[in-house]
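Colleague: With the input below, show me the fold.
(2 chains)
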Amino acid sequence: MHEMSLCEGIIEIAEEQASIQNYSRVKSIRLEIGKLSCAEPEAMSFAFDAVSKGTIADGARLDIDRVPGSGWCAECQKEIEIGQRYDACPLCEHYPLEIRAGDAMRIKDMEVE
Amino acid sequence: MCTVCGCGEDDKHNHEHPHDHDHHHDHEHHDHSHAHSHDHDYSKGEAGVHVAGLSQARLISIEQDILAKNNQYADANRRYFAERGILALNLVSSPGAGKTTLLTKTIEALNGTFPISVIEGDQQTANDAERIRATGVKAVQINTGKGCHLDGHMVGHAIGDLRPEEKSLLFIENVGNLVCPAAFDLGEAHKVVILSVTEGEDKPLKYPDMFHAADLMILNKTDLLPYLDFDLKSCIAYARRVNPGIKILQLSATSGEGMKQWLAWIRAARELSLIGME
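Modeller: Numbering: from 1, shown residues only, chains lettered A, B, ... in the order given. Sure thing, here's the model as predicted:
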């Protein structure tokens, strides 16, 4: 369950930012998790609750925005929504598509005080 | 607790030797540059206008990769390897695909041509590190406990213990798992994924992230092919579908088939890592 480690990474970033951006509590964290990335949102929420206990983000709300996967088809010269990294182009069945979006996992912003 | 980085994570590591000597943990990962773009001047800016005791809930932009911390550790490891001309290979597979046997055979075949050291990752036991040490090379075991993968930080510590020699080859045998290790960069030059033919040929499609992240796929245990229903052609096609650039080698650590090509690949990769070294 690598979501646990990913959440530890989030907490580390939140704690590192605390002295830089001058805050003592994190109220909410907004993530962007691509549908082609290796993280499951449900597992992230579960792991975050466990990992954030006793940290600066204890009790913080985790908001997760899903980013759809999208790939570029060199044949059709089009960007197309895909559900899997290895999906073929639904129009011409060409693959591989060049992944353009949906494989990232980012912390967007945080509500702090 | 580690006196260099103060991370207090010694319980994650199995150092396997008495701590009665100076540790030269080359923890360069503490002076890394940060990926974020904001001002690091502690004395000015928002801090200057903050009124203590007054609640000021506000939204701050972070815009960082969730793996940013791991990537910083991995970058420090990569820099360490580059400066010393060390070729680091991250071996990944499911449990039981034959990583450790392949490693011991590889070490024997290279027969001291150049120095080799090994970082062994497992949830529990030091069995694999012992198997490696029996071949005469340096090995350090990392027990991840509940953890399902090695990360850049753990490997940074292991390098500090192991102190791989200049121009050497470092194998990092990851925890047997085709899911989690895909996302965690360790600073290696290449991920090498080992798939045994006793597994399903559709593994590349079932675990696309790993096959996408690897530069080389070793199809291991090919001596068993006559006894199995394994569809070799489809397996190779699936791997290329996920990663068109992946190199594929068929190998049997037991019969020795394919070992020559594998050693040639290692030597070629090592030549590249030596470029710029005196």
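Colleague: Am I right that B:Ala68 is in contact with A:Gly9?
Modeller: Yes - contact between B:Ala68 and A:Gly9 holds when scored by Cβ atoms under 8 Å: they sit 7.0 Å apart. Heads up, the C-betas are built off the backbone N, CA and C, glycines and all.
Colleague: who has more neighbours, those two?
Modeller: In this view B:Ala68 and A:Gly9 are compared by other Cβ atoms under 10 Å in any protein chain shown, and A:Gly9 has more residues nearby, 23 against 19.
Colleague: got a list of what that one touches?
Modeller: When contacts are counted by Cβ atoms under 8 Å, 6 or more residues apart in numbering or on different chains, A:Gly9 touches B:66-70.
Colleague: What helix or strand is it located in?
Modeller: helix A:3-21 (DSSP states H and E).
Colleague: Residues of the stretch 51-200 of chain B that sit close to chain A?
Modeller: Within reach of chain A by Cβ under 8 Å from any Cβ of the partner chain, the stretch 51-200 of chain B has these residues: B:55-70, B:147-149, B:151, B:179-180, B:182-184.
Colleague: again, 7 Å this time
Modeller: Within the stretch 51-200 of chain B, the positions near chain A by Cβ under 7 Å from any Cβ of the partner chain are B:55-70, B:148-149, B:151, B:179-180, B:182-183.
Colleague: buried set for stretch B:254-273?
Modeller: Of the residues in stretch B:254-273, those buried by neighbour count under the rule 16 or more other Cβ atoms under 10 Å in any protein chain shown are B:258-259, B:262, B:265-266, B:269-270, B:273.
Colleague: With stretch B:99-110 instead?
Modeller: Under the neighbour-count rule (16+ other Cβ under 10 Å), stretch B:99-110 has B:99-100, B:102-107, B:110 buried.
Colleague: do stretch B:66-84 as well
Modeller: Using 16+ other Cβ under 10 Å as the test for burial, stretch B:66-84 gives B:66-78, B:80-81, B:84.
Colleague: burial count for the residue lying closest to B:Asp231 once chain neighbours are set aside?
Modeller: With sequence-adjacent residues excluded and distances taken as Cβ to Cβ, 6 or more residues apart in numbering or on different chains, B:Asp231 is closest to B:Glu201, at 4.6 Å. For B:Glu201, the number of neighbouring residues by other Cβ under 10 Å comes to 21.
Colleague: What of the one 5 residues further on?
Modeller: The tally of other residues near B:Lys206 (other Cβ under 10 Å) stands at 13.
Colleague: got the residue ranges for the strands in the stretch 51-200 of chain B?
Modeller: Counting by DSSP state E, counting those that start in this stretch, residue ranges of the strands within the stretch 51-200 of chain B are B:58-65, B:87-93, B:116-122, B:138-143, B:169-173, B:190-196.
Colleague: how about the ones you listed in JSON lines, adding mean pLDDT and mean neighbour count?
Modeller: Supplementary listing: the strands of the stretch 51-200 of chain B in JSON lines, determined by pLDDT from 0 to 100; neighbours: other Cβ atoms under 10 Å in any protein chain shown:
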{"stretch": "strand B:58-65", "mean pLDDT": "95", "mean neighbour count": "16"}
{"stretch": "strand B:87-93", "mean pLDDT": "97", "mean neighbour count": "26"}
{"stretch": "strand B:116-122", "mean pLDDT": "96", "mean neighbour count": "26"}
{"stretch": "strand B:138-143", "mean pLDDT": "95", "mean neighbour count": "24"}
{"stretch": "strand B:169-173", "mean pLDDT": "97", "mean neighbour count": "26"}
{"stretch": "strand B:190-196", "mean pLDDT": "98", "mean neighbour count": "25"}
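Colleague: these two touch, right, the residue nearest to B:Asp231 and B:Lys233?
Modeller: No - with contact defined as Cβ atoms under 7 Å, B:Glu201 does not count as touching B:Lys233 (8.6 Å).
Colleague: Low-confidence stretches in chain B?
Modeller: Along chain B, the model assigns pLDDT under 70 to residues B:1-55.
Colleague: Run a quick neighbour tally on whichever residue of chain A sits closest to chain B.
Modeller: With Cβ to the nearest Cβ, the shortest gap between chain A and chain B falls at A:His2, namely 3.7 Å. A count of neighbours around A:His2, defined by other Cβ under 10 Å, yields 22.
Colleague: which residues in chain A form helices?
Modeller: Assigned by DSSP state H, the helices in chain A fall at A:3-21, A:41-52.
Colleague: which of those helices is buried the deepest?
Modeller: For these, average neighbour numbers computed from mean count of other Cβ atoms under 10 Å in any protein chain shown are highest in helix A:3-21, which has a mean of 20.
Colleague: Let me know the angle separating it from strand B:58-65.
Modeller: If you take axes from the mean of the first three to the mean of the last three Cα atoms, to 10 degrees, helix A:3-21 sits at 130 degrees to strand B:58-65.
Colleague: how far is helix A:3-21 from where the chain is centred?
Modeller: Distance of helix A:3-21 from the chain centroid (Cα atoms, centre = their mean, to the nearest Å) equals 14 Å.
Colleague: got the angle between it and helix A:41-52?
Modeller: Helix A:3-21 and helix A:41-52 are oriented at 60 degrees to each other (the same axes, to 10 degrees).
Colleague: Who does B:Gln64 form a beta bridge with?
Modeller: As for beta bridges, B:Gln64 partners with A:Ile107 under DSSP bridges.
Colleague: Run through the helices of the stretch 151-278 of chain B in chain order.
Modeller: With helices called from DSSP state H, counting those that start in this stretch, the stretch 151-278 of chain B shows them at B:152-162, B:203-206, B:208-213, B:232-242, B:259-274.
Colleague: Let me know which of the ones you listed is the nearest to B:Val193.
Modeller: Closest to B:Val193 of the helices of the stretch 151-278 of chain B, according to Cβ to Cβ: helix B:208-213, at 5.8 Å.
Colleague: what residues does the closest one touch?
Modeller: Around helix B:208-213, the neighbours that count as contacts under Cβ atoms under 7 Å, 6 or more residues apart in numbering or on different chains are A:38, A:84-86, B:92, B:178, B:182-183, B:191, B:193, B:204, B:217, B:239, B:242-243, B:246.
Colleague: I am finished for the moment; much appreciated.
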